[in-house]
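Q: Pasting a predicted model and its sequence here:
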Amino acid sequence: MPARPSRTPRRLLVALAAACAGMTVQAQEPATVRIATNVERAYFPPAEALLRKAYAAIGLQVEFVPWPLPRTQVELQTGRVDAVAMRVGGYFEQTPYVRKVDVPLLNLFVYAYARPPCPAALAVEDLGKYRVSYQRGMVAAENLIPEASRLAANTPSDAFLNLSTGAADYALTLTTPWMAEVPVDTRQGTLCRIPTPLARSVLFHGVHESHAAWVGPLEKALGALRASGEIQQAWAAYEREIATPSNRYQAEPGRSLTLTPAPTTGSAPARPPR
């Protein structure tokens, strides 16, 4: 007599159905995009909020990973990171496997710092006469410094410390005019800033070439945020938060610049409107 075909127990069918349903829900969850940000956190909080909103508009979630710039390059080349938060235009010329999302996110300037007393001015063509420290991988600053004069550091904080200890004559950093007004303190004293910036750069978002299909939708999403004024308003709000008379940056080895309020004996005067 032939054996009767076995019947699948009802409990097993229910379990299989539940598993399939779970797989369907998981498949519908937005994918997570890994975006590298600078280990220097000074101007990234507003950018991260704006990028999170733009990616949500195209159905993607975001995870930000703060790394030194050289590590970001390695992770991009190996495909372990999907995008870079913000880079200057020249970066995309040097890194063709990263596609620029052509919507300006922020205007930055390269400023030079020195130990007091600061000179009234510093010309770009004179940088070759000095030892100049900067964050390794910061294209906007690196392009200004002759190779023999470069003293690369892991973070802007380390570049300032090279300056404060006398290892460098100047330190260059990429920042906004209002963030550049915040004093930078070190154990050796407060650094001074040369008033006139050496260069201007515009920052853009970038995605790995394997995700080139995201470029158009992201340009549309970020373009809408810019057209509505939301990008500009985000930076204006951050300026009000950061550029207060009592705030100061502390330069610490291997770390991002730490923003701290200076002790005051009374209330600080209001910052004049721009």
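A: Structure received. Since this is a predicted model, take the numbers as computed values, not measurements.
Q: What ranges does the stretch 1-150 of the chain have for its strands?
A: 32-38, 61-67, 83-88, 98-114, 132-135, 150-153 (DSSP state E, counting those that start in this stretch).
Q: Can you redo those as TSV, where the extra columns are distance to L222?
A: Where C-beta positions appear, they are placed from N, C-alpha and C, glycine not excepted. Putting the strands of the stretch 1-150 of the chain into TSV (distance: least, CB to CB, whole Å) gives the following:
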stretch	distance to L222
strand 32-38	13
strand 61-67	13
strand 83-88	11
strand 98-114	4
strand 132-135	25
strand 150-153	31
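Q: so can I have TSV of those showing mean pLDDT, mean neighbour count and distance to T190?
A: Below are the strands of the stretch 1-150 of the chain laid out as TSV (pLDDT from 0 to 100; neighbours: other CB atoms under 10 Å; distance: least, CB to CB, whole Å):
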stretch	mean pLDDT	mean neighbour count	distance to T190
strand 32-38	90	20	24
strand 61-67	91	15	26
strand 83-88	92	24	28
strand 98-114	95	20	10
strand 132-135	96	26	17
strand 150-153	96	20	19
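Q: R200: which of those strands is closest?
A: Proximity of the strands of the stretch 1-150 of the chain to R200 was assessed by CB to CB; the nearest stretch is strand 98-114, lying at 5.3 Å.
Q: Can I get the closest one as CSV, trimmed to CA atoms?
A: Backbone C-alpha positions of strand 98-114 (Å, rounded to 0.1, in the frame of the first residue of the first chain) are rendered in CSV as follows:
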residue,chain,number,x,y,z
VAL,A,98,32.0,60.6,-5.7
ARG,A,99,29.1,62.3,-7.5
LYS,A,100,28.3,65.9,-6.5
VAL,A,101,24.7,66.8,-5.6
ASP,A,102,24.7,70.2,-7.1
VAL,A,103,22.9,72.2,-4.5
PRO,A,104,25.0,74.6,-2.4
LEU,A,105,24.7,73.8,1.3
LEU,A,106,27.1,76.2,2.9
ASN,A,107,29.6,78.9,2.1
LEU,A,108,32.9,78.5,4.0
PHE,A,109,36.2,80.5,4.1
VAL,A,110,39.8,79.5,4.8
TYR,A,111,41.1,81.6,7.7
ALA,A,112,44.7,81.7,9.0
TYR,A,113,45.4,81.7,12.7
ALA,A,114,48.6,82.6,14.5
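Q: rewinding a little: for V202, find the nearest of the strands of the stretch 1-150 of the chain.
A: With CB to CB, the closest approach to V202 among the strands of the stretch 1-150 of the chain belongs to strand 98-114: 5.0 Å.
Q: partners of the closest one in the sheet?
A: Paired with strand 98-114 in the same sheet, following DSSP bridges, are strand 170-175 (antiparallel), strand 189-193 (antiparallel), strand 199-208 (antiparallel).
Q: Comparing these, which comes out most buried?
A: Greatest average neighbour count among those goes to strand 170-175 (a mean of 27), per mean count of other CB atoms under 10 Å.
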